[in-house]
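Student: Need the 3D shape of this:
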Amino acid sequence: MKKFYLTALLALAFVSLFAQKKVLADKIVATVGDKIVLRSEIDNRISDMQRQNIEIPANAKCLLLEQALGIKALVLQAEKDSLPVSDDEINAEIDNKVRYFINQYGAKDIVEQMEGKTIYQ
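Tutor: Presented below is the predicted three-dimensional model:
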């Protein structure tokens with residue numbers, strides 16, 4: 001019986017040593033400002049290319065990283081260039097467009113008939 005417990009204990013210790021193997025969940029491979037590019041983004045894009053039977057060049061990871069950095073830089077610049085717009089300003093612009101089309105076509109009913117929707121839709 002002691003042999004059984006000793007064997008079980010050794011087996012449990014052996015399994016626990018291998019169970020503690022560290023697994024990398026994801027890794028930041030690049031940053032642009034506060035935007036990050038994850039390793040999984042690049043790997044997923046390569047997997048997508050394989051599923052779509054797209055020929056994958058030898059330097060695919062480098063090309064995809066460069067492309068991801070470019071996109072992140074564009075997003076960062078777009079956020080800087082964006083102007084805040086209130087809901088009131090948006091509603092006023094929509095009302096102006098609606099009035100413009102009603103004036104162009106003569107009546108609200110005609111505009112609705114042409115679009116197949118009500119003004120509010």
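
Student: what's whatever helix or strand residue 77 lives in in contact with?
Tutor: Element membership for residue 77, per DSSP states H and E: helix 60-81. With CB atoms under 8 Å, 6 or more residues apart in numbering as the test, helix 60-81 has contacts from 29-30, 32-37, 41-42, 45-46, 49, 57. (Each C-beta comes from the backbone N, C-alpha and C, glycine too.)

Student: could you point out where the chain is predicted with low confidence?
Tutor: For the chain, applying pLDDT under 70 flags the ranges 1-24.

Student: the helices in it, which residues?
Tutor: For the chain, the helices defined by DSSP state H cover 2-19, 39-51, 60-81, 87-105, 108-115.

Student: right, so of those helices, which gets closest to residue 25?
Tutor: helix 39-51 (8.6 Å; CB to CB).

Student: next one: that closest one to chain centre, how far?
Tutor: 13 Å (CA atoms, centre = their mean, to the nearest Å).

Student: and what of stretch 106-120?
Tutor: Worked out by CA atoms, centre = their mean, stretch 106-120 lies 37 Å from the chain centre.

Student: What of stretch 30-40?
Tutor: The answer for stretch 30-40 is 12 Å, by CA atoms, centre = their mean.

Student: Can you name the residues that contact the spatially most central residue of the chain?
Tutor: By CA atoms, centre = their mean, the chain has its centre lying nearest to residue 41, at 9.1 Å. Contacts for residue 41 (CB under 8 Å, 6+ apart) come out as residue 68.
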